[in-house]
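1. After the sequence you'll find the predicted model.
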Amino acid sequence: MTMNLDHEELHRLLATLAESDIQEFRLEGEDFCLEVKRNLGTSSDLIASNRKIASEDIGSPPQSKIEASPVPSTPPPSVPGSRSDLVEVTAPMVGTFYRAPGPEEPPFVEIGSRINVGQAVCILEAMKLMNELESEVSGEVIEILVENGTPVEFGQVLMRLKSV
């Protein structure tokens, strides 16, 4: 049996798990493994891995592509100063946010940068895998809300774009 989870189904699954007292959950498909573990005294940890990419490869970490959702399926609580005319780029997973492909390299985007559909805007590192997030809209970067090297949560707004 092949199992496919779209963004909305994954979000509903995580919301259901968050409301339950389940402390560990594991779901496996042909090409993915989703594992959720939490301790009642601390925040939940989400670990997602892609078995098609081995994290033990020698050399630079492998890269896989993940498209950033321009608008979350369920809007997050209203943030003071947020503008309805902007498209939000949200984190599709828990990970560490990086603005550049490497420590000595320039950032993918800066405030004021013009971007195109499919252009990489940042990297999220999860389980030693570097996942490039690509823009789903053309536009201009208006805000970058996360500092380089900062851990981010699933659904967290990373940056805001003005669509053109």
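-> Great, that's in hand. Note that the structure is predicted; figures quoted are calculated from it, not measured.
2. Help me confirm that Leu17 is found in a helix?
-> Yes - per DSSP: H, G, I helix; E, B strand; the rest coil, Leu17 lies within a helix segment.
3. so who does it touch?
-> Leu17 sits next to Phe25, Val36 when contact means CB atoms under 8 Å, 6 or more residues apart in numbering. Bear in mind the C-beta positions are built from the backbone N, C-alpha and C, glycine included.
4. Distance of it relative to Met130?
-> As judged by CB to CB, to the nearest Å, Leu17 and Met130 stand 26 Å apart.
5. can you count the residues close to Glu24?
-> Glu24 has 9 neighbours, counted by other CB atoms under 10 Å.
6. before we move on, which element is the closest residue in space to Glu28 that isn't next to it in sequence in?
-> Spatial nearest neighbour of Glu28, excluding adjacent residues (CB to CB, 6 or more residues apart in numbering): Leu34 at 7.6 Å. Per DSSP states H and E, Leu34 falls inside strand 33-37.
7. Let me know the distance separating Val146 from Met159.
-> Look at Val146 and Met159: by CB to CB, they are 8 Å apart.
8. let me redo that: Ala18
-> 25 Å.
9. which one of those two has more residues nearby?
-> Neighbour count, other CB under 10 Å: between Ala18 and Met159, Met159 has more, with 25 against 11.
10. And the helix or strand hosting the more buried one, what does it pack against?
-> Applying DSSP H and E as the criterion places Met159 in strand 157-163. Here strand 157-163 touches strand 87-90, strand 120-126, strand 139-144, going by 3 or more CB pairs under 8 Å, 6 or more residues apart in numbering; DSSP states H and E.
11. ok, it: who's next to it in the sheet?
-> Looking at strand 157-163 with DSSP bridges, its partner strands are strand 87-90 (antiparallel), strand 139-144 (antiparallel).
12. ok so, going back, ok, the residue nearest to Glu28 touching Glu9?
-> No - the pair Leu34 and Glu9 fails to qualify as a contact (CB atoms under 8 Å) at a distance of 11.2 Å.
13. Same drill for the two, tell me which one is more crowded.
-> Taking neighbours as other CB under 10 Å, Leu34 and Glu9 compare with Leu34 leading, 18 against 11.
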